[in-house]
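**Q** Could you look at this predicted model? Sequence included:
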Amino acid sequence: MRNLLLLLPLALAACTPDPDPLYLGYADGDYRLIAPETAGRIATIHITEGESVRAGTLLFELDSAQEAQQLAAAEARIEAASARFDDAAAGGREPEIAAARDQLAAASATQREASENLDRQRDLFARGIIPRARLDEAEAAASAANARVAELRQRLTLTALPARENQLRALTAEIAAAEAEHHRLREMISRRSVTAPADGLIERQIRYEGELAGPTQPVLRFLPDGAVHAVVFLPEATIGTWSIGDTFTIACSSCPGGLTATLRRIDPQPAFTPPVIYSEDERNRLVFRAEADFQGPPPPPGTPLTFQPG
């Protein structure tokens, strides 16, 4: 009888089904590095580390003093070339030329108004106040005004005396070149103001005001909303049982109850278990790194996770 009593717990243990295995991992984020398109010194940073921002929020600006001076010089060249053009065009056929000049003056006024409106719309877009469609409309209006001015300048050239046609053509080309340089500088200045590409979190500030930044020198590390996923290490012995779309139940100290994740990717090559994840006696096991999408509010990146199949 005593032997039977001793054997009873062993028999019960043999009948008890093995619990589902547990796997370890952590939460990770798909971070973006925010850098300007052109190099320069950081003039102003408008956000703070750890701040949540909306898409289009102005993040930082590079110093544009030199570009602003170049823009002013381009505007002066346009004005000087336009004055020489008007002077050269004031030849014979005065009634026709006067009418053409009046049309050109009216078109130039419209051009200035469209250019000023484009500046305002760019500033509002950079601050996230208006959508991209409004900015596109302003750019289209400015382009149409520029084309109208070019057309009327050409018409004024055709109404001038034959002896001055070559001179007017050269002045027209000079104005066009100055306007192209003016447009290039305006675009360059606008790109020195960097906005948030999406809703998300300013996770880390890498560079500060007064430091140099550029395409390979990012200023901020940014975590877009919805860019947190789970990383799980699957044992090599069971890798054949897993498929994309399988689910896990996830537990952690800050996770809500019932949090799950869906397997989206499994690395094709195995690796040894990371010692920061597993205990000392498990370091020599081969595992496959896999990623899964959270089906619910994710924990912060870096949070240790426990995964249970199903």
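**A** Good, I have the coordinates.

**Q** can you pull out the strands in the stretch 101-250 of the chain?
**A** 193-195, 200-205, 212-213, 220-224, 228-235, 247-251 (DSSP state E, counting those that start in this stretch).

**Q** Mind checking those strands for the one nearest to L58?
**A** L58 lies closest, by Cβ to Cβ, to one member of these: strand 193-195, at 5.5 Å. C-betas here are computed from N, CA, C, even on glycine.

**Q** Only the buried residues of that closest one, if you could.
**A** By neighbour count with 16 or more other Cβ atoms under 10 Å, strand 193-195 contains the buried residues S193, V194, T195.

**Q** Among the strands of the stretch 101-250 of the chain, which comes closest to A290?
**A** strand 228-235 (5.2 Å).

**Q** I'd like to know the phi and psi angles of the residue nearest in space to the middle of the chain, please.
**A** By Cα atoms, centre = their mean, the chain has its centre lying nearest to P197, at 3.5 Å. Main-chain dihedrals, P197, degrees, to the nearest 10: phi -80, psi -20.

**Q** Specify the local secondary structure of the closest residue to Y23 other than its chain neighbours.
**A** Excluding its sequence neighbours, the residue lying closest to Y23 (Cβ to Cβ, 6 or more residues apart in numbering) is F307, at 4.2 Å. Secondary structure for F307, judged by DSSP: H, G, I helix; E, B strand; the rest coil, is strand.

**Q** Quick one: neighbours of F307, just the number.
**A** Residues within reach of F307, counting by other Cβ atoms under 10 Å, total 24.

**Q** right, and it touches P235 too?
**A** No: checked against Cβ atoms under 8 Å, the pair F307 and P235 is beyond contact range at 11.6 Å.

**Q** returning to that earlier point: distance-wise, check the residue nearest to the centre of the chain relative to R207.
**A** 18 Å (Cβ to Cβ, to the nearest Å).

**Q** swap in T110?
**A** In this view, T110 and R207 are 42 Å apart by Cβ to Cβ.
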